[in-house]
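Student: build me a model:
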Amino acid sequence: MLSGYLGSAEQGEHILGIVRQVKAANPQAKYFCDPVMGHPEKGCIVAPGVAEFHVRPRFACQRYHCADLVELEILCEHAVNNVEEAVLAARELIAQGPQIVLVKHLARAGYSRDRFEMLLVTADEAWHISRPLVDFGMRQPVGVGDVTSGLLLVKLLQGATLQEALEHVTAAVYEIMVTTKAMQEYELQVVAAQDRIAKPEHYFSATKL
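Tutor: Below is the predicted model:
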């Protein structure tokens, strides 16, 4: 199960109800929560009550969780200024239930301002990866975080290791971005990039911290 943007806190309660029903029928079912609350350049973008819904203890039923820098700070209720603090913040969430946390956009907390950086964190491991930024000018495509979460869930369900999953997802999303820019489109060109999603032409190496 994968959930994303919520239009209201009430919608979130319904999603949790569905998750509980599925897990009651199949205790092995896995739930990936992508809160989609904000963006490092835009701040919090959700309706009133949604951020508060996510901040309240909701993690016990989650196997996987992800957050960009803004969302990580909202969930942990404190600032995150660098990679080390991001790892610790991810583990604060892990202590509440999830086994794996993806920090999908480190932004100003990353090592480099001219790279796109992510972390994949468990209680015992932390992996960092970066790729080149793709310049779309003033009009950035939307949905990059959504496709990142979806691809990561697929790789983990396929049995990939943390390193394998992070490396493939980073490369696959980069292929989508490059294809989208080459076609001068605003919507992510997932269909046009499908072969390169399956077998990326670029490779980025993850580093264990």
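
Student: how far is the longest helix seen in the chain from where the chain is centred?
Tutor: As assigned by DSSP state H, the longest helix anywhere in the chain is helix 162-182. Helix 162-182 has its C-alpha centroid displaced from the chain centroid by 13 Å (Cα atoms, centre = their mean, to the nearest Å).

Student: hmm, who's touching that helix?
Tutor: With Cβ atoms under 8 Å, 6 or more residues apart in numbering as the test, helix 162-182 has contacts from 100, 118, 120, 122, 125, 127, 129, 131-132, 134-136, 141, 144, 147-148, 151-152, 155-156, 160, 186-190, 192-193, 196-197, 200-206, 208. (Glycine included, C-beta is placed from N, CA and C.)

Student: pLDDT below threshold where in this protein?
Tutor: Per-residue confidence for the chain (pLDDT under 70) gives these ranges: 37-62.

Student: kindly recompute the last result at 80.
Tutor: 4-13, 35-63 (pLDDT under 80).

Student: which residues in it form strands?
Tutor: With strands called from DSSP state E, the chain shows them at 2-3, 32-33, 38-39, 43-44, 64-67, 100-103, 115-121, 126-132, 207-208.

Student: in terms of secondary structure, what does the last one contact?
Tutor: When you say that, I think you mean strand 207-208. Judged by 3 or more Cβ pairs under 8 Å, 6 or more residues apart in numbering; DSSP states H and E, strand 207-208 is in contact with strand 126-132.

Student: quick one on the thing from earlier: how about the longest helix of the chain, which residues are buried there?
Tutor: 162-163, 165-180 (16 or more other Cβ atoms under 10 Å).

Student: also stretch 105-114?
Tutor: 105-107, 109-110.

Student: dump those residues to JSON lines, plus distance to residue 7.
Tutor: Converted to JSON lines, those look like this (distance: Cβ to Cβ, whole Å):
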{"residue": "105", "distance to residue 7": "22"}
{"residue": "106", "distance to residue 7": "27"}
{"residue": "107", "distance to residue 7": "25"}
{"residue": "109", "distance to residue 7": "28"}
{"residue": "110", "distance to residue 7": "30"}
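
Student: among these, which two are most distant?
Tutor: Distance extremes for the buried residues of stretch 105-114: the farthest pair is 105 and 109 at 9.4 Å, using Cβ to Cβ.

Student: what's the overlap in contacts for these two?
Tutor: In contact with both residue 105 and residue 109: residue 69, using Cβ under 8 Å, 6+ apart.

Student: can I get the strands of the chain in TSV including mean neighbour count and distance to residue 73?
Tutor: TSV is the format used below for the strands of the chain (neighbours: other Cβ atoms under 10 Å; distance: least, Cβ to Cβ, whole Å):
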stretch	mean neighbour count	distance to residue 73
strand 2-3	17	20
strand 32-33	24	17
strand 38-39	20	9
strand 43-44	12	10
strand 64-67	27	9
strand 100-103	27	11
strand 115-121	23	14
strand 126-132	19	18
strand 207-208	10	23
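
Student: if anything else comes up later, I'll come back, but that's it for now.
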